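**Q** Sequence first, then the predicted structure, then my questions.
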Amino acid sequence: MVVKILAGIGLLALLWGLLRYALALRYAKIVRERSRAEEESRGRRVVAEIPQDEGLLFFVEDDQRFYWGGREARKADVAGARLLLNGAAISSFVIPGASLPESAPPEVYEGRERWEVVLLLRGGATAVVSCGTLREGVSREIATRIYGALRSAAEGLSSHPTAGTDRRGRA
């Protein structure tokens, strides 16, 4: 009889834990959707959701600017960008008349993929968007979405075709 009571208590504890976990996931989804709707109500489009230890960071755009983590960049100031994997350039683009600064040598592989987008602004300023180290291509997809949005903005604002190459030198 004691074994049955202990098994019942164990089952109830397991079910209680699962219920709390499910409710926490639902609450996190509601908070994310509310934050996303808040950005969209400002007339912004969410380009990517970047998971971080502190929560979720949105990379958003409107007609004139990009916004992420308290930072912003005017679309008209986008002069180029690099898509980085562990510090090595995978792809880059630059508008005519601008040049990307020399890239740092790739770092020693730390056993995980670290994706970043380095944004070059007119006047030589740069900004880095850290896209994470999540596996299964999540961080890669985030980085490529951000890179694509930056490239589209630069191409849309430039009256000349952009010069973009990947790491093999192809357009």
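**A** Perfect, thanks for sending it. Residues are numbered from 1 along each chain as shown.
**Q** Going by C-alpha atoms from here, please, whenever you check contacts or count neighbours.
**A** Noted.
**Q** Pop the domain breakdown of the chain in here.
**A** Annotated domains of the chain cover 1-41, 44-166 [automatic domain parsing].
**Q** Out of those domains, indicate the one that is most buried.
**A** domain 44-166 (a mean of 17; mean count of other CA atoms under 10 Å).
**Q** how much distance is there from the helix or strand where Thr144 lies to the middle of the chain?
**A** In this structure, Thr144 is located in helix 138-157 according to DSSP states H and E. Helix 138-157 has its C-alpha centroid displaced from the chain centroid by 10 Å (CA atoms, centre = their mean, to the nearest Å).
**Q** what helices or strands is that helix leaning on?
**A** strand 45-52, strand 78-85, strand 115-121, strand 126-132 (3 or more CA pairs under 8 Å, 6 or more residues apart in numbering; DSSP states H and E).
**Q** For the third one, name the packing helices and strands.
**A** Looking back up the chat, that one is strand 115-121. Using 3+ CA pairs under 8 Å, 6+ apart, strand 115-121 is in contact with strand 78-85, strand 126-132, helix 138-157.
**Q** cool, the second one as well?
**A** Here strand 78-85 is seen to pack against strand 88-94, strand 115-121, helix 138-157 when contacts are counted using 3+ CA pairs under 8 Å, 6+ apart.
**Q** Okay, now the unreliable bits of this structure?
**A** 107, 109-110, 136, 157-171 (pLDDT under 70).
**Q** what about the longest helix in it?
**A** helix 2-41 (DSSP state H).
**Q** Show me what the helix or strand hosting Ala73 is packed against.
**A** In this structure, Ala73 sits in strand 71-74 according to DSSP H and E. Packed against strand 71-74 by the contact rule (3+ CA pairs under 8 Å, 6+ apart) you find strand 65-68.
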